[in-house]
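**Student:** build the 3D model from these lines:
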Amino acid sequence: TYSAEVNYDFGNTTLTYLGAYLDTSVDLTMDFDRNDVLSDPLSVIVSSEQWSHEIRWASNGNETFDWLVGGFYFDEAALRATDIYITFGSGARLNSQTVQPDFNVKSQAVFGQGTWHLSDAVDLVGGIRYTKDEKGEYGTFNRRQIDANPATITTGDYKADWDSTDWLLGVNWYPVANTLVYGKISTGYKSGGFNNVLAVSTEGTEFKPEEILAYQIGHKSQFADNSVQLNSELFYYDYTDLQVNQLIDNVNYVRNAATAEIWGAETDLIWLATDSLMVNLGVSYLNATYYDFSQFSAVTRQEEDLDGSTMARAPEFSGRLGLDYTIDTAGGWMFVPRVSFSWASDTKLTAFDDPGQLMKSWMRTDLSLDIVTPSGDWSAQFFLNNLEDDIVWSSGGVNGSGVRTLTARPPRMYGARLRYAFGS
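**Tutor:** Model (predicted):
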């Protein structure tokens, strides 16, 4: 990975360039049925090269009207290949091979945003962005064979492009010093794409872009001699064609839900209780619901009506609490012991109301100790994560054989990190 940032100050304006290059290579083999015998191997090979460029030109502030304009370009060329064996309950064994030798993604955008300072207390904010995305697969190949039966081979080339114009309108109000009250309405867009396995032809290869209309009202404030920072927000997100992952006959693909709504509230508090003790607290409430949506169930082998169902991996309540205590010694050493707690209420791991795919409410404790030398050049961290060593499921699903699959968060983990800051 390589990245670069270049800034040139013209006095009243600044020109910024951001560039990045990423070269990725993955060669992975795992046991698909996750038992202790490598009977159903899954092999994945990915090779990807990505470039991104962004240019921004912005005013330097302190004007009645502040502005920013820019452009963005992204290019990815990749090769992907999978080879999987699956043994069904009947004893039949499937081998599926998929190769995408030439997968390309291009994204281009131009954008601008302006802030009009009506007074010392009120700002009006507006922005617009035009995005065009292109994706293509060329020479894509799929081979499926069950036992010694003749193999089914499909090939194809796919190409599509999408574009969207999105906007933002907002108002900022500063009623007193160190306090911001804001409200904004904005739209957003996530490009469409292709389902990577040709065998799922009944669902169609292409899925549509995802769009969102978002409403947000909140405040950010500092008080008590700036020892307390409090941020809160109420939000409502209205999704159209929400992209949802689906598993059919052991094949993952994406389909579009008709609509979905997410609304809730969140609050973050940072409190410097003493010169040494810092408290971090975050609490959120979430209501996330699908509407006009059905999904294929690998258990019932039919479409299930999920209108009004809670979205997957969206706990109603969640929160975190962190305590940091800084100890400065006479010799210049610094010690920072830290404890953090995180928790969430009952969470559905899939869109279905399946008791076997429900993560009950949980809490996790992480501990760490940072040590910094007097010069600041060297630092070390010792950590112990997931003190309780409880199993917390992060995602779930049901494969084509009707077998439930669950993915766990990391177990109890401890270790140490050593850092050196060059040129400090």
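**Student:** please verify my assumption that residue 13 contacts residue 61.
**Tutor:** No - contact between residue 13 and residue 61 fails when scored by Cβ atoms under 8 Å: they sit 10.2 Å apart. No exception for glycine: its C-beta is placed from N, CA and C like everyone else's.
**Student:** which one of these two is surrounded by more residues?
**Tutor:** residue 13 (13 against 10; other Cβ atoms under 10 Å).
**Student:** the more buried one pairs with what?
**Tutor:** With DSSP bridges as the criterion, residue 13 is bridged to residue 59.
**Student:** check contacts around it.
**Tutor:** Taking Cβ atoms under 8 Å, 6 or more residues apart in numbering, we find residue 13 in contact with 57, 58, 59, 60.
**Student:** residues contacting the third one?
**Tutor:** Contact partners of residue 59, counting by Cβ under 8 Å, 6+ apart, are 12, 13, 65, 66, 67, 68.
**Student:** kindly confirm my reading that the last one is in a helix.
**Tutor:** The reference is to residue 68. No - the assignment for residue 68, made by DSSP: H, G, I helix; E, B strand; the rest coil, is strand rather than a helix.
**Student:** what about it, how many residues nearby?
**Tutor:** Residue 68, neighbours per other Cβ under 10 Å, totals 17.
**Student:** any idea how far residue 15 is from it?
**Tutor:** 11 Å (Cβ to Cβ, to the nearest Å).
**Student:** shared neighbours of the two, which are they?
**Tutor:** 56, 57.
**Student:** pull the residues that contact stretch 205-215.
**Tutor:** Residues outside stretch 205-215 that contact it (Cβ under 8 Å, 6+ apart) are 156, 158, 160, 162, 164, 184-195, 198, 235-243, 253-256.
**Student:** contacting residues around the residue in the chain sticking out farthest from the centre?
**Tutor:** With distances taken as Cα atoms, centre = their mean, the residue sitting farthest from the centre of the chain turns out to be residue 330, at 43.5 Å. Applying Cβ under 8 Å, 6+ apart, we find residue 330 in contact with no residue.
**Student:** which SSE is it in?
**Tutor:** Of the helices and strands defined by DSSP states H and E, none includes residue 330.
**Student:** and residue 356, that's in a helix?
**Tutor:** Yes - counting by three-state DSSP, residue 356 is located in a helix.
**Student:** any idea how far residue 106 is from it?
**Tutor:** Residue 356 is 42 Å from residue 106, where distance means Cβ to Cβ.
**Student:** these two: who's more crowded?
**Tutor:** Taking other Cβ under 10 Å, residue 356 and residue 106 do not tie; residue 106 has more neighbours (15 against 12).
**Student:** follow-up on the earlier one: so which of the contacts of stretch 205-215 are in strands?
**Tutor:** 156, 158, 160, 162, 164, 184-190, 193-194, 235-243, 253-256 (DSSP state E).
**Student:** derive a PyMOL selection command for the buried subset of those.
**Tutor:** Buried residues among these (16 or more other Cβ atoms under 10 Å), as a PyMOL selection:
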select buried, resi 158+160+162+164+184+186+187+188+189+190+193+194+237+238+239+241+242+243+253+254+255+256
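**Student:** which strand residues bridge the nearest residue to residue 345 once chain neighbours are set aside?
**Tutor:** Sequence neighbours aside, residue 317 is the residue nearest to residue 345 in space, at 4.3 Å (criterion: Cβ to Cβ, 6 or more residues apart in numbering). Residues in a beta bridge with residue 317, per DSSP bridges, are residue 285.
**Student:** near residue 317, how many other residues are there?
**Tutor:** Neighbours around residue 317, by other Cβ under 10 Å: 14.
**Student:** isn't residue 393 up against residue 408?
**Tutor:** Yes - with contact defined as Cβ under 8 Å, residue 393 reaches residue 408; the gap is 5.8 Å.
**Student:** and the two? which has more neighbours close in?
**Tutor:** residue 393 (17 against 12).
**Student:** OK, contacts around that one?
**Tutor:** Residue 393 makes contacts with 349, 359, 406, 407, 408, 409, as judged by Cβ under 8 Å, 6+ apart.
**Student:** just the buried residues out of these, in ChimeraX syntax.
**Tutor:** Only the buried entries of the contacts of residue 393 go into this ChimeraX selection, using 16+ other Cβ under 10 Å:
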select :349,359
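**Student:** need the contacts of residue 393 in CSV (columns: distance to residue 115 and secondary structure).
**Tutor:** Putting these into CSV (distance: Cβ to Cβ, whole Å; DSSP: H, G, I helix; E, B strand; the rest coil) gives the following:
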residue, distance to residue 115, secondary structure
349, 42, coil
359, 42, strand
406, 47, strand
407, 43, strand
408, 45, strand
409, 41, coil
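**Student:** closest one of the contacts of residue 393 to residue 220?
**Tutor:** residue 409 (30.7 Å; Cβ to Cβ).
**Student:** for that closest one, give me its contacts.
**Tutor:** Residues near residue 409 by Cβ under 8 Å, 6+ apart: 386, 392, 393, 394.
**Student:** how close does the residue nearest to the second one when sequence neighbours are not counted sit to residue 363?
**Tutor:** If I follow you right, that is residue 392. Once flanking residues are discounted, residue 392 sits nearest to residue 409: 4.5 Å by Cβ to Cβ, 6+ apart. Plainly put, residue 409 is 13 Å away from residue 363 if you go by Cβ to Cβ.
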